[in-house]
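In: sequence and predicted structure are below.
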Amino acid sequence: STQRDVYEGTTRGLLDSVMNGYNATVFAYGATGCGKTYTISGCLEDPGVIFLTMQELFERLTAAEDEKIVEITLSYLEVYNETIRDLLGADMANAPPLALREDADHGVTVSGLSEHVPNTVDEVMDLMMRGNANRTMSPTEANAVSSRSHAVMQVNVRQKPKDGGLQTDVTSATLSIIDLAGSERATVARNNDARMREGANINRSLLALANCINALCDQKTKRHIPYRDSKLTRLLKFSLGGNCRTVMITCVSPASTYYEETHNTLKYANRAKNIKTTVAKNTKSTQMHLAQYQGKIRDQSEEIKRLQREIGLLKNRSSNSSSAGTSSRGVTSAQAAQAMAELRKQTQAVQVVQDMRNKMANAYAPVREAKWEHASACSIGQWYDYHIDALKGWREQFEMLFQEHQHLGSQDSMDVDGENDQRLNSQSVNLRQQVDDLLRELTRERKTISRHAEHSEQLIERNIYMAERAAQLPPSVQLTAEQRYHVDQEHRVLDLWAERNGLRRQ
């Protein structure tokens, strides 16, 4: 499989969770020399999970720029000999080890860890290459480029809507990408001195991880989870059993010398599948500062000043014409009354336009969430279609081979072969029944996903219709040329939004 295949089969599905405000973690687990670092980091010619993940993440964030304000921070650390080091620190040679902190609000954090703000995926690659250059690596008999530490890259994504009011919902999510050091046996790696001490600490932390996995799988006895046995397990506490969606990439070697390591790795990976996490959306309601609305306040102040100038002009006209005759005063009073009526109409029009914009914003609010649900349902539906078609094709091939076997078997009249054919017929009937049951189950699930996608599409269309109705002004409202231009622009934005939603659904 290519790096792209591994990424799409393991990590790509987590990006939907991150964009919707759910924490996500992906980590590579396995013995030394099995390809964990290559899978996670890759190389310049064939980048791995980190680059492919960040590339698609930036593409999705760019597509959402007109709807949301997005902030991204990145940190990169390693756990070496049970000490935590900042791989992107300014002076790593003289920097002291970092300490772990834990509280109910922020979970497990690393005190003093530097955070960086990348603007493009190329900047992420530069930070990753810089961190990998600072990472501890040493050759052993088992692996010439053995990683002697666990590397953890964390990407924090913070989003808030652009059209938020004084009270805004801020969504935050953390994507953790972890490259674990490989377990190794001293007899195979032939380590000594520093390498042996590093290997002992690596095995110690991986043993603590295995104990946590065993305890998390044994939910009936409610065993104590020994997260504090290692710095690694403390960092992975919420990734393994907390508010997080986690993918574990298991790397194994086909070499016969790795038989025991491969068997143990697959055994722990199989146990890890039984871990159940409870995820919740990370949304926080915040009060926006009034200083952020200076632009809106300035526009309203200019409108008030304009209205005050018009009122002042009307009053001056009324006072200047007060010395004229009774008939002249009557004409001037009629003109002033007409001007005041026009002013009231304009004020009413301004309020109507503002109400229209508020209604449109409220109508479009559910469209964003429904849009992501529709895209996710369509993607899952394609997955079901692919496997249903593959299973049907396999069944057809099986029927062809079975018929050929029966045709060849009919030419042989030996009793033993007859008994074998009878047993094979019975097995094939059972296998057909299993395949048919699986096909029916997949088809039923596919119909459920299709209904969910149709519901999301109907929700999108209904809210767009409500927004279009909100954009319609009452016929009694009279607008100036400038106000009419702004209303036309609102209609234009509405049409473009609907067209874009249609294209994205396709």
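Out: Great, that's in hand.

In: ok, G312 - how many residues close by?
Out: Close neighbours of G312, defined as other Cβ atoms under 10 Å, add up to 10. Every C-beta, even on glycine, is put in place using the N, C-alpha and C of the backbone.

In: same question for I275.
Out: Neighbours around I275, by other Cβ under 10 Å: 16.

In: any idea how far it lies from L236?
Out: Per Cβ to Cβ, to the nearest Å, I275 is found 11 Å from L236.

In: can you check V124 too?
Out: For V124, the distance to L236 equals 22 Å [Cβ to Cβ].

In: who has more neighbours out of the two?
Out: Between V124 and L236, L236 has the larger neighbour count (other Cβ under 10 Å), namely 27 against 23.

In: for this structure, what spans make up the strands?
Out: Applying DSSP state E to the chain gives strands spanning 24-30, 68-80, 83-86, 99-103, 107-111, 137-138, 146-147, 150-161, 167-179, 245-251, 283-287.

In: will you turn those strands into CSV that also has mean pLDDT and mean neighbour count?
Out: Output for the strands of the chain, formatted as CSV (pLDDT from 0 to 100; neighbours: other Cβ atoms under 10 Å):
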stretch, mean pLDDT, mean neighbour count
strand 24-30, 88, 24
strand 68-80, 89, 20
strand 83-86, 89, 20
strand 99-103, 82, 12
strand 107-111, 82, 15
strand 137-138, 66, 14
strand 146-147, 70, 24
strand 150-161, 88, 21
strand 167-179, 85, 20
strand 245-251, 89, 20
strand 283-287, 73, 11
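
In: adding distance to L207 as columns, could you present those in TSV?
Out: Shown next, in TSV, are the strands of the chain (distance: least, Cβ to Cβ, whole Å):
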stretch	distance to L207
strand 24-30	13
strand 68-80	14
strand 83-86	18
strand 99-103	19
strand 107-111	20
strand 137-138	21
strand 146-147	18
strand 150-161	13
strand 167-179	17
strand 245-251	17
strand 283-287	37
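
In: looking at the ones you listed, which is nearest to E261?
Out: Closest approach to E261 among the strands of the chain is made by strand 24-30 (7.7 Å; Cβ to Cβ).

In: so what's L439 up against?
Out: For L439, the contact set (Cβ atoms under 8 Å, 6 or more residues apart in numbering) comprises 388, 391-392, 395.

In: of the strands of the chain, give the one that comes closest to R195.
Out: Ranking the strands of the chain by proximity to R195 (Cβ to Cβ) places strand 137-138 first, at 6.1 Å.

In: below-threshold pLDDT in the stretch 1-150 of the chain: ranges please.
Out: Scanning the stretch 1-150 of the chain for pLDDT under 70 picks out the ranges 104-106, 137-146.

In: all helices for it, in order.
Out: Listed in chain order, the helices of the stretch 1-150 of the chain (DSSP state H, counting those that start in this stretch) span 3-10, 12-19, 36-40, 49-63, 121-134.

In: and the third one, what does it pack onto?
Out: This points to helix 36-40. Helices and strands touching helix 36-40, by 3 or more Cβ pairs under 8 Å, 6 or more residues apart in numbering; DSSP states H and E, are strand 24-30, helix 49-63, strand 167-179, strand 245-251.

In: just give the nearest non-adjacent residue to I275, would you?
Out: For I275, ignoring the flanking residues on the chain, the nearest one in space by Cβ to Cβ, 6 or more residues apart in numbering is L216 at 4.7 Å.

In: confidence score at the one you found?
Out: Note for L216: predicted pLDDT of 81.

In: you'd agree it is up against K273?
Out: No: counting by Cβ atoms under 8 Å, L216 sits too far from K273 to count as a contact (11.2 Å).

In: between those two, which is the more surrounded one?
Out: Comparing L216 with K273 by other Cβ under 10 Å, the one with more neighbours is L216, at 18 against 8.

In: JSON lines please, covering the helices and strands packed on helix 36-40 and showing distance to P97.
Out: Compiled in JSON lines, the helices and strands packed on helix 36-40 are given as follows (distance: least, Cβ to Cβ, whole Å):
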{"stretch": "strand 24-30", "distance to P97": "22"}
{"stretch": "helix 49-63", "distance to P97": "24"}
{"stretch": "strand 167-179", "distance to P97": "19"}
{"stretch": "strand 245-251", "distance to P97": "26"}
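
In: out of the ones you listed, flag the one nearest A95.
Out: For A95, the closest of the helices and strands packed on helix 36-40 is strand 167-179, at 20.8 Å, according to Cβ to Cβ.

In: which intervals of the stretch 401-506 of the chain have sub-threshold pLDDT?
Out: Applying pLDDT under 70 to the stretch 401-506 of the chain flags residues 408-421, 467-506.
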